[in-house]
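Participant: Here is a sequence together with a model predicted from it:
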There are 2 protein chains.
Amino acid sequence: MAQIQLERLEGSPFAADPGLLLARANADSIAATNAALASFGLRVRSYAVLAAAASATRPTQRELAEFLRLDPSQVVALVDELERRGLVRREVDPADRRANAIVATADGAALSARANAAIAEARERRLAALAPEELAALTELLARIVNRERSNSQ
Amino acid sequence: MAQIQLERLEGSPFAADPGLLLARANADSIAATNAALASFGLRVRSYAVLAAAASATRPTQRELAEFLRLDPSQVVALVDELERRGLVRREVDPADRRANAIVATADGAALSARANAAIAEARERRLAALAPEELAALTELLARIVNRERSNSQ
DNA sequence: TATTGTTATACTCTATAACTATA
DNA sequence: TATAGTTATAGAGTATAACAATA
């Protein structure tokens, strides 16, 4: 008795709040992605840094912080760990010796690729309810609201 | 020199990862929503519980936990605080005296309505780049991936 | 003077286990 | 036996301030 009936809540108008939906979708995504990454010794945040390092864009730590919505001090800790494991390197920018470009080692690039495949497979299973073009539409809309003028931030 | 150039990162293929986009969009949403809620003494999580309580769906704490992707013990703390402030009540279910229905008081319902208006206004400003039908499409897609069989979870 | 990375610290959020009272 | 709520605790994630090196 008194078994859980989420339909009542999900049918309620407040359940359609975009921010709430985003939070719930992200919580599901993080849980599933962390599970998919566990065997690689990665979590969503360390994977994000590793994938960025493997992207050949040579981001600085500051750029990683802005892009991933992390504090610069968090990037220090994440890069420290990946560097200690030999997955990324800090390369001092000759043009600005304060800045470190974060680049993946060969090992790091290989691990990033395997982790990315695992994440993609988990996502396909999890989002099977969406047609490919619906997932593409969702991705494009998210990119639109995320890749905006950062100067608009508070 | 070495000024931040996010375009490189945002143009990279890994930046189109749906999970990463979701995480970034959610981080932005939480920051903006918390700012909009600050003057009400609420944060995203306490607002979510209050709004659910004001929705006339009479959720139990267990239902709130499942719906909001919170641990039941977190719901205890959030309801405690809202109850202490006179915004919600715990009503014991006569049919199952273990279960508490969480319902908003008149004060709680009024605050929820004001907070909701502030959130909506902040969202409109923040997501002005999206046409109304695009926001509707985004909301609908998020609802599709969130309101699914919970039994599929790991 | 301003910025990059760093350290230290505190705070918020999340996850786990054990307990009680009811079923 | 199982479930709703509770307590306690630890771990992960986030935010702030101050500092050294460099611009």
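Facilitator: That came through fine. What you see is a predicted model; the values in this text were computed from it and never measured.
Participant: which residue does chain A bring closest to DNA strand D?
Facilitator: A:R97 (3.5 Å; C-beta to the nearest atom of the strand). Every residue, glycine included, has its C-beta placed from N, CA and C.
Participant: three-state assignment of that residue?
Facilitator: strand (DSSP: H, G, I helix; E, B strand; the rest coil).
Participant: For A:S39, which non-adjacent residue is closest in space?
Facilitator: A:A118 (7.8 Å; C-beta to C-beta, 6 or more residues apart in numbering or on different chains).
Participant: What is the burial count for the residue of chain A closest to DNA strand D?
Facilitator: For A:R97, the neighbour count with other C-beta atoms under 10 Å in any protein chain shown is 9.
Participant: With A:A38 instead?
Facilitator: Counted with other C-beta under 10 Å, A:A38 comes out at 11.
Participant: thinking again about what came up before, in contact with the residue nearest to A:S39, which residues?
Facilitator: Contacts for A:A118 (C-beta atoms under 8 Å, 6 or more residues apart in numbering or on different chains) come out as A:A36, A:L37, A:S39, A:F40.
Participant: Please tell me which one of those residues counts the most neighbours.
Facilitator: A:A36 (24 neighbours).
Participant: Model confidence score at the residue most central in space within chain A, please.
Facilitator: In chain A, the centroid-proximal residue (C-alpha atoms, centre = their mean) is A:A48; its distance is 4.7 Å. With respect to pLDDT, A:A48 has a value of 98.
Participant: Specify the local secondary structure of it.
Facilitator: helix.
Participant: Contact partners for the residue nearest to it when sequence neighbours are not counted?
Facilitator: With sequence-adjacent residues excluded and distances taken as C-beta to C-beta, 6+ apart, A:A48 is closest to A:L68, at 5.3 Å. Applying C-beta under 8 Å, 6+ apart, we find A:L68 in contact with A:R45, A:A48, A:V49, A:A52, A:V75, B:L20, B:A23, B:R24.
Participant: which parts of chain A sit against DNA strand D?
Facilitator: A:2-4, A:34, A:43-45, A:69-71, A:73-74, A:96-98 (C-beta under 7 Å from any atom of the strand).
Participant: Report the two of these separated the most.
Facilitator: A:A2 and A:R97 (64.4 Å; C-beta to C-beta).
Participant: which residues of chain A fall in helices?
Facilitator: For chain A, the helices defined by DSSP state H occupy A:6-10, A:18-37, A:44-53, A:61-68, A:72-84, A:106-126, A:132-146.
Participant: Can you list the low-confidence ranges for chain A?
Facilitator: A:1-2, A:148-154 (pLDDT under 70).
Participant: before we move on, the earlier item: hmm, the residue nearest to the centre of chain A is touching B:L20, no?
Facilitator: Yes: between A:A48 and B:L20 there is a contact under C-beta atoms under 8 Å: 6.0 Å.
Participant: Who is the closest residue to A:N100 other than its chain neighbours paired with across the strands?
Facilitator: Spatially, and ignoring its direct neighbours in sequence, A:N100 is nearest to A:R90 (4.2 Å; C-beta to C-beta, 6+ apart). Taking DSSP bridges, one obtains A:I102 as the residues bridged to A:R90.
Participant: so A:R90 makes contact with A:R84?
Facilitator: No: counting by C-beta under 8 Å, A:R90 does not reach A:R84; the two are 11.5 Å apart.
Participant: and the gap between the residue nearest to A:N100 and A:Q61?
Facilitator: Distance of A:R90 to A:Q61, given as C-beta to C-beta, to the nearest Å: 8 Å.
Participant: what about those two, which has more around it?
Facilitator: Between A:R90 and A:Q61, A:Q61 has the larger neighbour count (other C-beta under 10 Å), namely 21 against 16.
Participant: Neighbours of A:R89, how many?
Facilitator: 16.
Participant: circling back to that earlier point, let's see if you can find the most crowded of the contacts of A:L68.
Facilitator: Most surrounded of the contacts of A:L68: other C-beta under 10 Å gives A:V49, at 28 neighbours.
Participant: Quick check: it vs A:A106, distance?
Facilitator: Counting by C-beta to C-beta, the gap from A:V49 to A:A106 is 17 Å.
Participant: which one among the contacts of A:L68 gets closest to A:L9?
Facilitator: B:A23 (24.0 Å).
Participant: for the closest one, what are its contacts?
Facilitator: Taking C-beta under 8 Å, 6+ apart, we find B:A23 in contact with A:N26, A:S29, A:I30, A:V44, A:A48, A:L68, A:R69.
Participant: switch to 7 Å and redo it
Facilitator: A:N26, A:V44 (C-beta atoms under 7 Å, 6 or more residues apart in numbering or on different chains).
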